[in-house]
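# whatever this is, show me its structure:
(chains A, B and C)
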Amino acid sequence: MSWVTKTLSSSLGKKLIMAVTGLSLIAFLLVHCGINACIFFNDGGETFNHAAEFMGTNWLIRTTEIGLFAGLILHILDGLKLWYDNNAKRPVKYAIVAGNNSTWYSRSMGLLGTLLLIFLVIHLRHFWVVSRFTDVITSGQKTLFQEMAEVFANPVPVVIYVLGCISLAYHLLHGFQSAFQTMGWNHPKYTPFIKSVGAGFAILIPLVFAAMPIAMYLQIIK
Amino acid sequence: MSTILDAKIPDGSLVEKWTKFRSNVPLVNPANKRNLEIIVVGTGLAGASAAASLAELGYTVKAFCFQDSPRRAHSIAAQGGINAAKNYQNDGDSTYRLFYDTIKGGDYRAREANVHRLAEVSANIIDQCVAQGVPFARDYGGLLKNRSFGGTQVKRTFYAAGQTGQQLLLGAYSSLQRQIGLGNVKMYTRHEMLDVVMVDGKARGIIARDLISGKLERHFGHAVLLCTGGYGNVFYLSTNAMGSNVTAAWKAHRKGALFGNPCFTQIHPTCIPVSGDHQSKLTLMSESLRNDGRIWVPKQKGDTRPANDIPEEERDYYLERRYPAFGNLVPRDIASRAAKERCDAGYGVGASKMAVYLDFRSNLINKYGRAEASKLGIDNPDEETLIRLGRAVVKEEYGNLFDMYKQITGEDPYETPMRIYPAVHYTMGGLWVDYNLMTTVKGLYALGEANFSDHGANRLGASALMQGLADGYFVLPYTIGAYLAAEIKTKAISTDAPEFVEAEKAVQERITQFLSIKGKKSVDNFHKRLGKIMWEQCGMSRSAEGLKGAIADIQALRKEFYSDVFVPGDADEFNPELEKAGRVADFIELGELMCVDALQREESCGGHFREEFQTPDGEALRDDEKYAYVSAWEFKDTSQWELHKEELVYENIKIAQRSYK
Amino acid sequence: MEGNMNLTLKVWRQKNAKSEGRFETFDVKGISEDMSFLEMFDVLNERLISETKEPIAFDHDCREGICGMCSMYINGHPHGPKQTTTCQLHMRSFKSGDTITVEPWRAAAFPVIKDLAVNRSSFDRIIASGGFVSVNTGNARDANSLPIPKENADLAFMAAACIGCGACVAACKNASAMLFTSAKVSQLSLLPQGQAERQMRAEKMVAQMDAEGFGACTNTGACEAECPKGISIENIARMNREYLSASVSSNKEY
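Below is the predicted model of the structure:
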């Protein structure tokens, strides 16, 4: 085994993979959220469509997207492996587990991640598949904004999206600062700052995301 | 026939003895070392340090402990610190002073040559531990801090908060684990030694019981080291761990090793008082607390006011009153007796009236609070500020002890004074050893608290850690060469040899006996009753009449034990009750010997206080004419011992009435 | 009877490592609130012995919170509801009438020996793999020749305060031994004495920890919350740092 695979397959290495891919996904979320938030200009989607088109056609972004997907898949597979391995480390379970020694969401990252995965499939089907694998957008039949408006006219996707954002919030609430701890970045001066930024990020980003379907459903954004 | 024992002390002046010995002791060459096997029983400070050091030298070592890990030996619980004559504080310390303080503290009943050697190597111990990564307390300049302990007027005690023993043991344990990892030591955890195997008059192995499977095992060794600690648990209630026992030493005693000064027991003055019959052990509050805590009782008999309501002028700081030169830092035996005297006279405090106060308030405010305030440039600080600042310093120095006190009693010692009372803590007596730490059985050594050697009739605080590590790191690895150099031709003896088979059979029979009595009383029932007899008649004060009664009582208790004890479970399983039964059976025999020894020694010295022999002001009255010797008892048969003596010769110290006034 | 507390105990009974276990319920009466939790077990065991039944096996030794031998999982918490060891937990932390469930530490790497006693020798093997400074007796230089900043000495001490009881493993949902292992890695990496073997130590101890069958750390912080000695998870971050930098920069593999 080379030192790279040895390191990455150790319990610490597996966590490092989660941290690095997690942080890259966090970076993606920031960009994604920023672009989508363009709908709040409430200009009939003009700014948003413009930005979306740039993202969809720029070669650098498209290349990064491959990396992003690789990271996402790695995050999912590594997460499942960790969940499976860790679960096997206590073959006989406790009869009673007092839950007050840690937060429920820090103990439920696997569950939250699974919910997010389900949400992601639905989300990709809604927009990404439509924009990349059909000619609905490219042929000019519809803009991506119109597609959004259509999807979010129906209350069911809106509820699913809000639930997805809640899962995301809790996933991030633990994941953001946990990634820094895993990479060894714990310092009396900076850790409180990282934790605050993490908490702020975990609340703000899902809030902005959740506001989109709600606002469109309520026709605040048209 | 009683004999005079030869301690094999090297010739020459006191300061040269050890140096010369080391230069002349026979050596074993590296190739031969590998073929020599050494058994180390016990993995406390003495055992872990010896096992690691011997393995480093190249010997093949097997180490045994009854706990689930070598790190759990009771050395771990030592709190206050470890002495060393480093003179880092520039306060006039020296090897000679440490030597002198130890001999004087021991009330002139220790062997000069051993104690001087101990003082000589004390400095090396600190160096070794620091090199292992033991995190001793340090000053802002990064250098080591010291504090003061009883019976000394210098600061020579190195410490790590109130858990010095833990840190030192983890240091020794890490060295041991390193050797285990390298394959030089084979470790047997959850194994209890149940007999010494003798072949041709030499100790050649042990019989051990695997405590999980219950299987008896035979192990061969060219030499056997007993590093099995003291026997304070003979009193049932003591500061020892629940598992601490005399069994290994007692088996050696029954196989011919003489037992030295069995009655020399240390009663530690500052322990948390007994709270009820359920009590299973007593908890020490480190002697280091006497650096900053002042001991007092109310001046008025039967005063029931809360401590903080008793004004300064109505408090009797009896140690400061009686011993102005040493004050609260008199040796342990003296502090203990003084506490007992006040309580017996009716001045005790707390619900049971069997406690005195250990009060930090004045030093917390005046010493630490003011120093911190002046560091911070606060002029005329109010009391609240002083308490807040002082509390932080006290927390750093003794935090874990204060937490422990609060945990156990439910009272906050930062607010109200601690209530304390003396409790059994350490045994100066143990297997008699010569200068080489060898018992009277060839090839059988005793190290640390298990031997009788260095503390005389009373041990000074922070000296037990020093002795355990000195024996293991720096003494035995040299002295064992004197024996092993002649053993290089001895091939490993098969454990199928008749001596092994017979020893195992005897152990098996004894186990079967315990299980087949099927009486009505639990092992603990006997242990508690033994403890009560010992505490009342062979505890802080002893009398001929009481001791005679105790001997008769113990003999009766032994008979009852063998007819009415109930040991549940089987021999071939994890059976803690069976383990206890064997240990208590040995304690009963030891208890009798302790009383025999206390009765024979018609003087008071150190921890041994005979009511008939005291000065007019109640201090221990020694009889150097008649008793300046070590009593070493030979086991003849049940309840039969023969006394041998080692004369104590003081060539370098003028023997005098001990005074701390 | 010394007190007036009456309790119902549900205790895990298991004959040996190979047999199946089950809970057994006991009523204990007359318990004093000044008793320690283990003394309450002593009372119960004395009663069982008087009924010629087999007492409950549990590990304990010093009973002053430092040896790390005691190991009961009480009402869902290692060492019970207070952040202390089982031996230092007192009955005043409970109310008369309470039902208390007591289980052994549960982890693949801590197999049950009998009833509440488990085998923690995996911890010893982790230390043997690198939790030391290789300094033979007699090699040391003068203790004060190497000043150590007080802050580092204090941090090292706080990490070294670990008693190796395994509560961190018992508390962790993944049965991870990161807090235990990192405490030793931290202690030695903070001190100048530990520098020579710093990289090797981190790599070997992590490898041994994994080989023993402990889980990975998911940073829930349960270990820190339950540790009777208050060992901080900052140590875990420090070990992550030590391990990752050692993996990347060491000249050879350990």
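
# low pLDDT regions in chain A?
Across chain A, the ranges flagged by pLDDT under 70 are A:1.

# nearest to chain B: which residue in it?
Evaluated by CB to the nearest CB, chain A has residue A:188 as its residue closest to chain B, separated by 17.8 Å. Where C-beta positions appear, they are placed from N, C-alpha and C, glycine not excepted.

# enumerate every residue touching the nearest residue to that residue once chain neighbours are set aside.
Nearest non-adjacent residue to residue A:188, counting by CB to CB, 6 or more residues apart in numbering or on different chains: residue C:234, 7.9 Å away. With contact set as CB atoms under 8 Å, 6 or more residues apart in numbering or on different chains, residue C:234 has these partners: A:186, A:188, C:186.

# distance check, the last one against chain A.
Here residue C:186 is placed at a distance of 11 Å from chain A (CB to the nearest CB, to the nearest Å).

# and that residue, which of the three is it?
At residue C:186, secondary structure determined by DSSP: H, G, I helix; E, B strand; the rest coil is helix.

# ok, it touching residue C:233?
No. Under the criterion of CB atoms under 8 Å, residue C:186 makes no contact with residue C:233, lying 10.7 Å away.

# neighbour count: the two, which is higher?
residue C:186 (27 against 22; other CB atoms under 10 Å in any protein chain shown).

# contacts only, for the more buried one.
C:155-156, C:159, C:234-235, C:238-239.

# nearest to chain B among those?
residue C:156 (4.3 Å).

# you'd agree that closest one is up against residue C:190?
Yes. Counting by CB under 8 Å, residue C:190 is a contact partner of residue C:156 at 4.3 Å.

# so who does residue B:339 touch?
Residue B:339 neighbours (CB under 8 Å, 6+ apart): B:269, B:295, B:356, B:420-422.

# can you check residue B:519 too?
So residue B:519 contacts B:563-566 (CB under 8 Å, 6+ apart).

# and the pLDDT at it?
The score at residue B:519 is 96. That number is its pLDDT.

# circling back: could you dump the contacts of residue C:186 into a markdown table with pLDDT and secondary structure added?
Listed next are those as a markdown table, based on pLDDT from 0 to 100; DSSP: H, G, I helix; E, B strand; the rest coil:
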| residue | pLDDT | secondary structure |
| --- | --- | --- |
| C:155 | 97 | helix |
| C:156 | 98 | helix |
| C:159 | 98 | helix |
| C:234 | 96 | helix |
| C:235 | 98 | helix |
| C:238 | 97 | helix |
| C:239 | 98 | helix |
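
# and those residues, which is closest to chain A?
Ranked by distance to chain A (CB to the nearest CB), the contacts of residue C:186 are led by residue C:234 at 5.1 Å.

# now that closest one: how far from residue A:185?
From residue C:234 across to residue A:185, the span is 11 Å (CB to CB, to the nearest Å).

# and if you look at residue A:160?
35 Å.

# so what's the residue in the stretch 51-200 of chain C positioned nearest to chain A up against?
The minimum distance from the stretch 51-200 of chain C to chain A, using CB to the nearest CB, falls at residue C:76 (3.1 Å). By CB under 8 Å, 6+ apart, the contact set of residue C:76 is A:94, A:96-99, C:101.

# what pLDDT does residue C:250 get?
pLDDT at residue C:250 comes out at 87.

# that one touches residue C:197, doesn't it?
No. Using CB under 8 Å, residue C:250 is not in contact with residue C:197, being 11.1 Å away.

# and the residue located most distally from the centre of chain A, its phi and psi?
The outermost residue of chain A relative to its centre, with distances by CA atoms, centre = their mean, is residue A:95 at 34.1 Å. Backbone torsions of residue A:95, given as degrees, to the nearest 10, read phi -70, psi -40.

# picking that back up, can you select the buried ones from the contacts of residue C:76 in ChimeraX?
A single ChimeraX command is used to select the members of the contacts of residue C:76 judged buried by 16 or more other CB atoms under 10 Å in any protein chain shown:
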select /A:94,98 /C:101
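
# what's the most distant pair in the contacts of residue C:76?
Greatest spatial distance among the contacts of residue C:76 (CB to CB): A:99 and C:101, at 14.8 Å.

# if I look at the closest residue to residue C:143 other than its chain neighbours, how far off is chain A?
Spatially, and ignoring its direct neighbours in sequence, residue C:143 is nearest to residue B:130 (4.1 Å; CB to CB, 6+ apart). As judged by CB to the nearest CB, residue B:130 and chain A stand 26 Å apart.

# who's in contact with residue 144?
Using chain A here. A:45, A:48-49, A:52, A:127, A:131, A:137.

# let me rephrase: I mean chain C.
Residue C:144 neighbours (CB under 8 Å, 6+ apart): B:86, B:88, B:143-144.

# what ranges does the chain have for its helices?
If you meant another chain, say so; for now it's chain A. Here chain A has its helices, by DSSP state H, at A:3-9, A:11-36, A:46-57, A:59-88, A:104-107, A:109-123, A:129-133, A:144-151, A:155-182, A:191-217.

# wrong chain, I was asking about chain C
C:37-50, C:121-128, C:150-160, C:167-171, C:178-189, C:198-211, C:222-226, C:234-249.

# mind checking which of those is nearest residue B:61?
Of all these, helix C:121-128 comes closest under CB to CB, at 14.1 Å.

# and chain B, is the closest one touching that?
Yes. Applying CB under 8 Å from any CB of the partner chain, one finds helix C:121-128 in contact with chain B at C:121, C:123-124, C:127-128.

# I'd like these laid out as CSV, including distance to residue B:469.
Below are the residues of helix C:121-128 next to chain B laid out as CSV (distance: CB to CB, whole Å):
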residue, distance to residue B:469
C:121, 25
C:123, 23
C:124, 21
C:127, 19
C:128, 21
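
# most neighbours among the residues you listed, which one?
residue C:123 (29 neighbours).

# that residue touches residue C:165, doesn't it?
No. Contact status for residue C:123 versus residue C:165: not in contact, 9.2 Å apart, counting by CB under 8 Å.

# just the pLDDT for the residue nearest to residue B:239 when sequence neighbours are not counted.
Distances taken as CB to CB, 6+ apart put residue B:284 closest to residue B:239, at 4.3 Å, once the chain neighbours are dropped. pLDDT for residue B:284: 93.

# same check on residue B:1?
Residue B:1 is given a pLDDT of 56.

# again with residue B:400
85.

# setting aside sequence neighbours, what's the nearest residue to it?
Spatial nearest neighbour of residue B:400, chain neighbours left out: residue B:162 (4.7 Å); criterion: CB to CB, 6+ apart.

# got it, and residue B:371?
Nearest residue to residue B:371, sequence neighbours excluded (CB to CB, 6+ apart): residue B:393, at 7.7 Å.

# surely that neighbour is in contact with residue B:370?
No. Contact criterion CB under 8 Å: residue B:393 and residue B:370 do not qualify, at 10.8 Å.

# hmm, back to that, got JSON lines for the helices of chain C, with distance to residue B:304 too?
Listed next are these as JSON lines, based on distance: least, CB to CB, whole Å:
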{"stretch": "helix C:37-50", "distance to residue B:304": "28"}
{"stretch": "helix C:121-128", "distance to residue B:304": "49"}
{"stretch": "helix C:150-160", "distance to residue B:304": "41"}
{"stretch": "helix C:167-171", "distance to residue B:304": "41"}
{"stretch": "helix C:178-189", "distance to residue B:304": "46"}
{"stretch": "helix C:198-211", "distance to residue B:304": "56"}
{"stretch": "helix C:222-226", "distance to residue B:304": "41"}
{"stretch": "helix C:234-249", "distance to residue B:304": "48"}
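
# which one of the ones you listed lies closest to residue B:29?
That would be helix C:121-128 among those, by CB to CB, at 28.0 Å.

# other SSEs contacting the closest one?
For helix C:121-128, the elements it packs on are helix B:164-181, helix C:178-189, helix C:198-211, judged by 3 or more CB pairs under 8 Å, 6 or more residues apart in numbering or on different chains; DSSP states H and E.
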